[in-house]
Each structure stands twice: as structure tokens, then as C-alpha cells.
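Q: here is my input; please provide its structure:
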Amino acid sequence: MSNNDTYYTNLVENGRDYSLHMCLDYYNKRLRVDDYRGNPNSVFERVQELMQLHYFTKVFIKARHYDWGCFLTHGYMLEAVIKGYFQGHDAFNMALYTDLERRTSDYWIYEDQLLAEVQTLPLKSELNKSAAGFLLRQATDQDANALAALYRQVFATYPTPMHDPLYVEHIIQEGTIFHVAELQGQLVSAASAEINTTFHNAEMTDCATLHTCRNKGLMRLLLQELEQELLRRNITCAYSLARALSTGMNAVFKQLGYEYGGRMTKNCNIYDKFEDMNVWTKTLPQ
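A: Numbers count the residues shown, from 1 in each chain. A predicted model of the protein is given here:
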């Protein structure tokens, strides 16, 4: 296995009146609570302990509709909503910061302007299979080296160790689906769907295209193919976190019929710094 444990640790913790499913995300200096049960006040107290123990500067919790207000009373803010995340019920991303620099966005107004432009774009959600000169296919673990090389070329930094072939091979074997585009035998574009079988959702992520092959519609094609695969697996909710500074990726999701659900401040270390991420969600027709 790769050195992903230096990036993050996934944990399930059971307390007296709560349980936590969480990610201690060292690389992105944050605590991510993907699910919890029990007393939300106890969850808050335990999260505070973990934040101090690991010197994280951000925590965000995917809260359910009936108690997201409890986190609000503890000083959390609502940053985004993922529609249908919990088997058709919405997830409320509640965030809390311990560092002013992490809390403060450097590009928020510009990102608002970019989003306003993207929101005017027409839908292009019809299934489009044309990609002249490119081979589109599902990746296997044999593509791990080529995928890692692609992510190294596109991103100076990335929230997960996608530059590591062993890590890429591992997540494919664990069930993450990658679709890729090739040109003359070279892998030039890729996207993945990280499936949560418990809640029937999938995160559309790891979107990357070589600079020389951009503006050809490849990412829209790859995401459409991933959606078709998700439909075959009875996944009802697709969502993504797109760099708020990226016109191209936000445009792709808007044109594929995803709905903007909020922005998460300096959510992860991507490209070359901590960046704000726009949340996009889509209910997949069954």
C-alpha cells in the first residue's frame, strides 16, 4: 500500500452516546465528519477535542436536516447543501474554523462573478458520444501509473495522493471508478466516481485534463459515462466539489444539469494553495 496514511486516517469511533465516521485529514489540516449518530452535543465536544489534538484549522460535518441547527448554535456555519446525500435526504455541510487565515477567502468576490457567468450557460446534458481521435474507456488498476503521471502534470498539489501509483491502484481495487480519454496511446484526461454504497451517492472527482487537450469537451463526456455507470448501480445522488476559481469545471457541471449548492472556504490544498470549492449536486433519474 501507499503512504496515504501520512495524508489521512479514516476512523469509526463509538462513544457513550454517539458514534463518529470521520477522516483525520492531515494534509488538508481539517477534520471531516462524514456521518455520525447519537447526541450532536456530544459529537461537538468530541470534535473539539480532536481539533485541538491534531492542530486542525477546519472541521466540517455532514449534518442531517433534523439537527444541523444544533451545530449552528455551537458556532458552526452552513457552507453547502448536498441534495439527496443520505439516501435521498439532504446533507448540510456545517463548518467551523480555528484560524482566521483559513476562514478568510482571498478570492470570494471574483468567485461570485465567475459563478454568475457560469449560471447563465445553457444545459448540454444530452448524451454525447463524439470524441474524434480520442479513445474513451473505463480504467483498470493497470492504468495506475499513467493516471498518477497525469495528476502530477496537471496539479502542483492535490488533496489526496493521486501522484502515487500505489494509492491510485488501491482506490480502483476498492471500488472507485475511473473513466479516461486517450490520444495516440497517451492518457490525456480522467475523472472518477467515488461511490458510497451505504447512502447511494457518489462524488464525481479527480477531474484532470492535460492543458493541450482542454476545450474539447472531454470532461463532459467522461462525466456522462460515469453517470451512466452510476445509474446501472442504482446510485441516486451525484455531487462534486469544483475549484471555485476554475471556470471550466464549474461550467461542465452547470451544463450537465448539476445545481450549485454552496461554497466551502479554503477547503483543501489543491493546485498550489488552499482553495475555495463550489459544491454541485444532481439527482440521477432512476
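Q: only C-alpha atoms, please: export stretch 154-164 in CSV.
A: Extracted in CSV, the C-alpha atoms of stretch 154-164 (Å, rounded to 0.1, in the frame of the first residue of the first chain):
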residue,chain,number,x,y,z
VAL,A,154,-1.9,18.8,-14.0
PHE,A,155,-1.7,19.6,-10.3
ALA,A,156,1.2,21.1,-8.3
THR,A,157,-0.6,19.9,-5.2
TYR,A,158,-3.7,17.7,-4.7
PRO,A,159,-5.9,16.9,-1.7
THR,A,160,-5.2,13.1,-1.9
PRO,A,161,-2.0,11.3,-3.0
MET,A,162,-3.1,10.8,-6.6
HIS,A,163,0.5,11.2,-7.7
ASP,A,164,1.2,7.9,-6.1
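Q: so, low pLDDT: which residues of the stretch 101-250 of the chain?
A: For the stretch 101-250 of the chain, the stretches flagged by pLDDT under 70 are 127-130.
Q: mind listing the strands for the stretch 151-286 of the chain?
A: 177-183, 186-196, 201-209, 237-243, 259-270, 273-283 (DSSP state E, counting those that start in this stretch).
Q: all helices for the stretch 51-200 of the chain, in order.
A: In the stretch 51-200 of the chain, the helices defined using DSSP state H, counting those that start in this stretch lie at 68-73, 100-103, 108-118, 144-154, 165-174.
Q: which residue sits closest to Gly175, ignoring its sequence neighbours?
A: Distance criterion Cβ to Cβ, 6 or more residues apart in numbering; nearest residue to Gly175, sequence neighbours excluded, is Ile195 at 5.9 Å. Just so you know, the C-beta spots here come from the backbone N, C-alpha and C atoms, and that holds for glycine as well.
Q: no no, Ala181
A: Ser189 (4.1 Å).
Q: what's the answer for Tyr85, then?
A: Tyr85 sits nearest to Ala91 (Cβ to Cβ, 6+ apart), 3.6 Å away.
Q: burial count for the closest residue to Trp108 other than its chain neighbours?
A: Leaving aside its sequence neighbours, Trp108 sits nearest to Asp276 (Cβ to Cβ, 6+ apart; 6.9 Å). Using other Cβ atoms under 10 Å, Asp276 has 20 neighbouring residues.
Q: equivalent analysis for the one 4 residues further on, please.
A: Trp280 sits with 25 neighbouring residues when counted by other Cβ under 10 Å.
Q: let's have the chain start at 13 instead
A: Happy to do that; since the first residue is 13 now, the last one works out to Trp292.
Q: what sits opposite it in the beta ladder?
A: Under DSSP bridges, the beta-bridge partners of Trp292 are Ser252, Tyr272.
Q: for it, which residues are in contact?
A: The neighbourhood of Trp292, defined by Cβ atoms under 8 Å, 6 or more residues apart in numbering, consists of Tyr251, Ser252, Leu253, Ala254, Asn262, Phe265, Lys266, Tyr270, Glu271, Tyr272, Gly273.
Q: ok, the residue nearest to Trp120 to Glu206 distance?
A: Counting by Cβ to Cβ, to the nearest Å, the gap from Asp288 to Glu206 is 21 Å.
Q: do Arg226 as well
A: 23 Å.
Q: Gln99 reaches His212, doesn't it?
A: Yes - using Cβ atoms under 8 Å, Gln99 is in contact with His212, at 5.6 Å.
Q: more neighbours, the two?
A: His212 (20 against 12).
Q: who's more crowded, Arg226 and Glu206?
A: Glu206 (16 against 13).
Q: ok, what's across the strand from the more buried one?
A: According to DSSP bridges, beta-bridge pairing links Glu206 with Glu215.
Q: give me the residue at the spatial middle of this protein.
A: Leu253 (4.3 Å; Cα atoms, centre = their mean).
Q: relative to Thr152, how far out is it?
A: 26 Å.
Q: what does Val71 give?
A: Val71 is 36 Å from Thr152, by Cβ to Cβ.
Q: that older thread, looking at the contacts of Trp292, spot the one nearest Leu233.
A: Phe265 (13.8 Å; Cβ to Cβ).
Q: wait, that closest one touches Leu253, no?
A: No - counting by Cβ under 8 Å, Leu253 is not a contact partner of Phe265; they are 10.1 Å apart.
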